[in-house]
Structures are given as structure tokens and as C-alpha cells.
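In: Quick one, what's the 3D model for this:
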Amino acid sequence: MTVDCVALLLGREGSKGLPGKNTMKILGRPISNYSIMAAMNSKYVSDIYLTTDDDAIKNDSNKFNVNIIDRPSELCTDSALFEDALIHGYKEIIKRRNKKPDMVVILMCNVATVDNILIDNAIEALINDNNADSAVTVSVLNMYSPLRARKLDKKGYLQPFVPFESFGDPETLSCDRDSQGNVFFADMSHSVSRSKTLDDIGNGLLPQKWMGNNILPVYTTYGCDIDLSWQVSVSEWWLKDKGFTDICTPYESSI
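Out: Alright, predicted model coming up:
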């Protein structure tokens, strides 16, 4: 089946959570290169777009065939929503191509835990399920079950974040982290959404409304968008496990 699929990479200047997260180097490469290489080596992605206000990110993409979208200043503040920048970039893609793509691969500059196989698995999942709105990478992390989540009460004591009754009969609950079944986290390594899902983003499921409501899983061992320093070493571990080194990648021998 022929599918019209483009990739959109997002990253802005001035991160405060982990300064420089969008331009840091992992295994000797700018982190944004991993998302670009993954899209370049996909069987389905025809064009790659980058929306940013950061000249350093633009420079990091110079050796690749990437189309730059200058992100407006109002979408580059700490209060600006990712989904607003995404929709701006999506509309700019339509304007430049004079048509809507069937699907958009949504990537982030501060992600290293993505490759062409994950992207192609997501696209093929959507090809095989016409009712699905998106397909996204998920990690199974039962140790982070909502059953274990807590919040502080007014006295400073920990209380259940979600009422135990939400899980069914509290008598069936236990300290076994697997007792509630697998806990799937959309780990933000990437997501692939249909254009019609982005057109109707206001009705998507919170918190990542661009994923729509019928969301397919694409399984990975672990993934994340880097916001904390410990995630850098975990991302490096993931890359090495996939065959990346500081001198070669699974795609080519000398990138």
C-alpha cells in the first residue's frame, strides 16, 4: 500500500528543565540527529521538516535534507504548548506541499531512543487498522503503576493519587507490582498520527491530544524525551543496545 507520510521534528531554544537538552551530544552526535536518521531510513517517510527557533538545532541538521520551519516567537515561550507548535508546523507542511499527508511522524529534538524500525512499525500498524488514529511507542513500566502513585494531603502525609476503587474491588489489590496487569506508558520516543486526527486535535485524548482516541501501541524496551540528566545515560544504553557507537550506526558505517 502506498502511503504519503512526512516527519515533523520539534525543538525550541531555552529549555529550563535541562538546559541544552535539544543540542546536547550523545555518542558524539547532536541528539536531534537520531530522530532525523530514523526518519531518513524509514521505508515510508518522504520528507522531513524541522520546526524550531534555535539556530544551533538548524546547524545540527545541515548535513541532512531537512526542511526548516521557523517557529513563531509566541510558540517559543515556556507557556507555549507542544501541541500548538505541532499544529503550526503541520499547517506549514500542508501549505508548502499544497496537500495533506496521510500521516505525520511526530519527533522531538531531545529524543535519542528512536530508530527507523519503530517508525515503520507504527506506520504499518496504522495501515493495517483503519480505525486507529495514531500509533505510538510505549514502554511497559509496571513499577510506575498508578496504584503506587501518591500525593500529599494537607497534613503532609502521602495519600493515594487515584482512589483505589478506580481499580475495581480494593480487596483484590496487593503489593505485587504486576497485580493490575501491564502498565503502558507513552514514552514520547515518537508518535505517528493521521492527518484527520491532527485536524481534530481538540477532541483527542489528554494529555497528548494529537494522538486522538484510538491509539495503537508500538512496543519498545524503554524510551523517553530527555528532561532529566539521568535519562541521558539510559538513552545512551538504548542506543548501544541497538548497535550505535560513537563511530558508526546501524544505518551507515561512519555517521
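In: Send me the longest helix along the chain as CSV with only the CA atoms.
Out: For the chain, the longest helix by residue count, based on DSSP state H, is helix 82-97. The C-alpha atoms that make up helix 82-97 are tabulated as CSV, following Å, rounded to 0.1, in the frame of the first residue of the first chain:
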residue,chain,number,x,y,z
PHE,A,82,3.8,21.5,22.3
GLU,A,83,0.6,20.8,20.5
ASP,A,84,0.3,24.4,19.3
ALA,A,85,3.8,24.3,17.8
LEU,A,86,2.9,20.9,16.3
ILE,A,87,-0.2,22.2,14.6
HIS,A,88,1.6,25.3,13.3
GLY,A,89,4.2,23.0,11.8
TYR,A,90,1.6,20.7,10.4
LYS,A,91,-0.3,23.6,8.7
GLU,A,92,3.0,24.9,7.2
ILE,A,93,3.7,21.5,5.8
ILE,A,94,0.3,21.5,4.1
LYS,A,95,1.0,25.0,2.7
ARG,A,96,4.4,24.1,1.3
ARG,A,97,3.2,20.8,-0.2
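In: Just give me how far that helix sits from the chain centre.
Out: Its chain's average C-alpha position is 16 Å from that of helix 82-97, according to Cα atoms, centre = their mean, to the nearest Å.
In: Repeat that for stretch 78-94.
Out: Its chain's C-alpha centre and that of stretch 78-94 lie 14 Å apart, by Cα atoms, centre = their mean.
In: which residues are contacting that stretch?
Out: The contact list for stretch 78-94, computed with Cβ atoms under 8 Å, 6 or more residues apart in numbering, reads 6, 8, 10, 12, 14, 16, 47, 49, 51, 69, 71-72, 74-75, 100-101, 104, 106, 195, 198, 201, 208-210. Any C-beta I mention is one placed from the backbone N, CA and C, and that applies to glycine too.
In: Report the spatially nearest residue to Pro72, omitting neighbours in sequence.
Out: In this structure, Pro72 finds its nearest non-sequential neighbour in His88, 6.8 Å apart by Cβ to Cβ, 6 or more residues apart in numbering.
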